[in-house]
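Participant: The following block contains a protein sequence and its predicted model.
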Amino acid sequence: MASASQTVRFDTSDSESDLENQPEAKRRKLSTWECWDTFENITEAKKYLKDRSEWVYKTKYASNDGDIIVYNCRISPTCSSKCRIILPSSTLEVRIEKSVAVHDHVQKDKGLSAEVKEEIIKLHHCGTTKPKAIIGGIESKGIKTPTKGQLDNFLKYWRKQQAPQIVSLGALESECLQLKEDQQDVDKAFVLNKDIDYETKTFRIYITTRRLLQIAELSTAVHSDATYKLCWQGYPVILTGVSDQDRTFHPTGMAVTSAETSADFKFIFESLKMGTSEKYKPTILIADAAESITNGFKEVFGCDITRIYCWFHLCKNIDARQSTIKNKELWRKLRGDVNELQLARSPEDFLAAKELFLKKYRTEADLTQFMAYFKQEHLDTRDGWYEGHCMGFPSTNNGIEGTNAWIKRQGTFRERLSIGQLLQYMTNQTEIWSKERIPGIRDAKLFHEEPSLSLALQTSAFNWVQNKPDIKYHTCDDNITTYFISAANQPKLKEDDINKYLRLRERRSWKTFDTFVTLVVFLWDTLIPIFRKIRFFILLPFTPILKPLTKHLFSCIDVKVDSDVKSRPDICILDDRFYARFWADQMIGYDEMYVEGWWTTENMTALYKKIMPFLSRRPWIVKVSISYWEGMLRWGVLNTGREGHNFSAPPEYDLRGKKWEKRFLPWENMAFHKFFELPQTGIFPISSIFPISHQFWVGGKNAVFPLFPAALVNVVFTNRNPYTNNAMFVRWLEFVKIFEAQVAKWAILKGVGFAFSESNIF
């Protein structure tokens, strides 16, 4: 076999043509430079470029002339406009050169515009801090709205720039000294109290406003709670506040401390006491089970307090121990009984139900460990978590807990702040809370000393009345009428059911805990005068008709009724709901509508002289009023034959002789010396004493009955039977109403203390 060889040759004849077809290499653009500015050193030159925010570093190289630092356009690296810093080797002077070419990059929307930033800051200063509200405010002005992420990032950056740089206790104290109270601005935040110890390296700072301190004095209860994760150093932020009768929480101040001990809470409550009047002495503390809060409160306000332990925190604590109980059905039953125990209406009911509760689960082996814990921690001690422990006040601390959660979510955007940023935030937020409570502004968060009647509540009440509920009522020995209604999906109540409920509740003779639960759930009761409320809600829509009718009725006795103060009416209407309430109650309401500010008058004496003699000459008017027959039904028919509730007046109200007069008032002394001495305010002159229809009237210069001490009021209102078939005595009750209203209003105006006993006569 012959071998063959082959030589392969590469033809390069086409190589030149291939090179010609390749694209020509892009030549580097040569920039033409001109001197922009000169500086003494490179630091000043770099700061100059940084302040302009137009350039970004690219590279650095050495040349024959010296080192050169090149910067590109910040928007686009392909932009023709450039600049460079030249560090000549022959001189110490630093030169900045800029290319002659102008910016030719495509403009891009990057970040927030200066207009948007300015608007965000403006809204934040006005109190609009929620992201959605800020975005809505920007959108309403026709400006391009930022995204939520852009807004959050800008606010974080802006707050860091605004906050003082505090790196020591000395800097912290210096910053506190600058936050002084402005006597002319009640909404200006200031450091009310501070305690900085350089030796132990601890501090306590309390920030508030004068308006928030004024709100604090309106309640006898105080909420307090600490929250963490607001400061990267780990310091707790402690919030204090009060709740009104509309179940709304009102913050009164914020504190930041280096710890959460009894001494820290003592400092906070001392600060609160320092900023309020001498009369301020809260007696109710609402908080979680932390003993440091309780001890601090007692050291400042004394040991005679009512401690309400938050019901929510108790549930959280016992639910955490659910894993110790293997029988889930038993746990579900136990958990339900704890909820029913929380509905105890009084301390006496709670003590009786507590023993029944322990007796019920004492034999359950699976609950031995849990019941030992529950009895020791929440029954024998710290047991102020049931509804009847302090009626009229919240049983939870949810208001302050919700505010703390809002601070983390919307206030700091869940970012941990430095101590300087935190102090700045506390100052701003306290001012926002204060300004939200300025009377007269739109949607003002005012402190309500009485529950508000919202439209939803009125609608619900009307719909409830339309269903014609079965209502039964019963009058107890303390002159309180209790109205009973059956629970939902339950049969109608019978008299035997009510009597059994009252008998067991009075004696607390429940044999088992299940009996206690059944009676409490089966019967609901209310202490409000429900019939008057129903009439009021029904008449309210007819106010336009009732208004002229009321004015005509009063004009018959020469009493002018009008809402225009300039017309100088005898009765000036301040609230149009007066007309519906007047016809619902069929009385002017000296002790209710007048004191509550529904109507007023320039001359109370003249008004009484027009109305009372008219009623005295026509006693039949009183007998045809609904309020009179309600009283007769309540104190006569319903209480007939019951011991202590007969149909005759008690000895205190026997007006036929001088026994009542000598027993309570030095009438002879008043008649001869023309004065009456008050322990609170000294001696006041009395212009006249005259009887009208067996009623003693005392007239001052511009008002009637402004001079009686609270002691007399307590004596008058400790009766047990204010109604009788004696028409004269019924008129006397109307007199007492005037008396009560005037004493209350005079005491409020004079700033003196007064008290009415809880007999609920009217």
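Facilitator: Perfect, I can see it now.

Participant: Over to Val300. Which of the three states is it?
Facilitator: What DSSP: H, G, I helix; E, B strand; the rest coil gives for Val300 is helix.

Participant: next one: Val256
Facilitator: Applying three-state DSSP: Val256 is strand.

Participant: Now for it: which residues touch it?
Facilitator: Val256 makes contacts with 203-205, 231, 235-238, 419, 422-423, 426, as judged by C-beta atoms under 8 Å, 6 or more residues apart in numbering. The way it works is simple: take the backbone N, C-alpha and C, and place the C-beta from them, glycine included.

Participant: Can you tell me which of these is nearest Ala444?
Facilitator: Met426 (22.4 Å; C-beta to C-beta).

Participant: Tell me which helix or strand the closest one sits in.
Facilitator: Using DSSP states H and E, Met426 maps to helix 419-435.

Participant: Equivalent analysis for Ile557, please.
Facilitator: Per DSSP H and E, there is no helix or strand for Ile557.

Participant: 11 is where my numbering starts, stick with that
Facilitator: Sounds good: first residue 11 from here, last item Ile567.

Participant: For the stretch 211-360 of the chain, give me the ranges with low pLDDT.
Facilitator: Counting by pLDDT under 70, the stretch 211-360 of the chain contains no low-confidence range.

Participant: ok, now with 90
Facilitator: Scanning the stretch 211-360 of the chain for pLDDT under 90 picks out the ranges 211, 238-244, 255-257, 288-289, 332-339, 350, 353-359.

Participant: For it, which segments count as strands?
Facilitator: 212-218, 231-237, 247-253, 259-267, 294-297, 316-319 (DSSP state E, counting those that start in this stretch).

Participant: now those strands in a markdown table, with distance to Thr413?
Facilitator: Formatted as a markdown table, the strands of the stretch 211-360 of the chain follow (distance: least, C-beta to C-beta, whole Å):
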| stretch | distance to Thr413 |
| --- | --- |
| strand 212-218 | 14 |
| strand 231-237 | 9 |
| strand 247-253 | 6 |
| strand 259-267 | 6 |
| strand 294-297 | 13 |
| strand 316-319 | 18 |
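
Participant: picking that back up, of the contacts of Val266, closest to Glu460?
Facilitator: Closest approach to Glu460 among the contacts of Val266 (C-beta to C-beta): Ile248, at 29.9 Å.

Participant: how close does the closest one sit to Ala354?
Facilitator: Distance, Ile248 to Ala354, using C-beta to C-beta, to the nearest Å: 31 Å.

Participant: Likewise for Asn51?
Facilitator: 79 Å.

Participant: which outside residues touch the helix or strand following the helix holding Met436?
Facilitator: Once the chain leaves helix 429-445, the next helix or strand it forms, by DSSP H and E, is helix 465-476. If you take C-beta under 8 Å, 6+ apart as the criterion, helix 465-476 is touched by 543-544, 547-548, 550.

Participant: Reformat those residues into TSV and put distance to Ser635 and pLDDT next to each item.
Facilitator: Formatted as TSV, the contacts of helix 465-476 follow (distance: C-beta to C-beta, whole Å; pLDDT from 0 to 100):
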residue	distance to Ser635	pLDDT
Lys543	17	74
Ile544	17	80
Phe547	20	83
Ile548	17	87
Leu550	20	87
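
Participant: So which of the residues you listed sit within helices?
Facilitator: 543-544, 547-548 (DSSP state H).

Participant: Distance to Glu516 added to those residues, as JSON lines?
Facilitator: Output for those, formatted as JSON lines (distance: C-beta to C-beta, whole Å):
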{"residue": "Lys543", "distance to Glu516": "27"}
{"residue": "Ile544", "distance to Glu516": "29"}
{"residue": "Phe547", "distance to Glu516": "33"}
{"residue": "Ile548", "distance to Glu516": "35"}
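
Participant: Using ChimeraX, make a named selection holding only the buried ones among these.
Facilitator: Only the buried entries of these go into this ChimeraX selection, using 16 or more other C-beta atoms under 10 Å:
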select :543,544,547
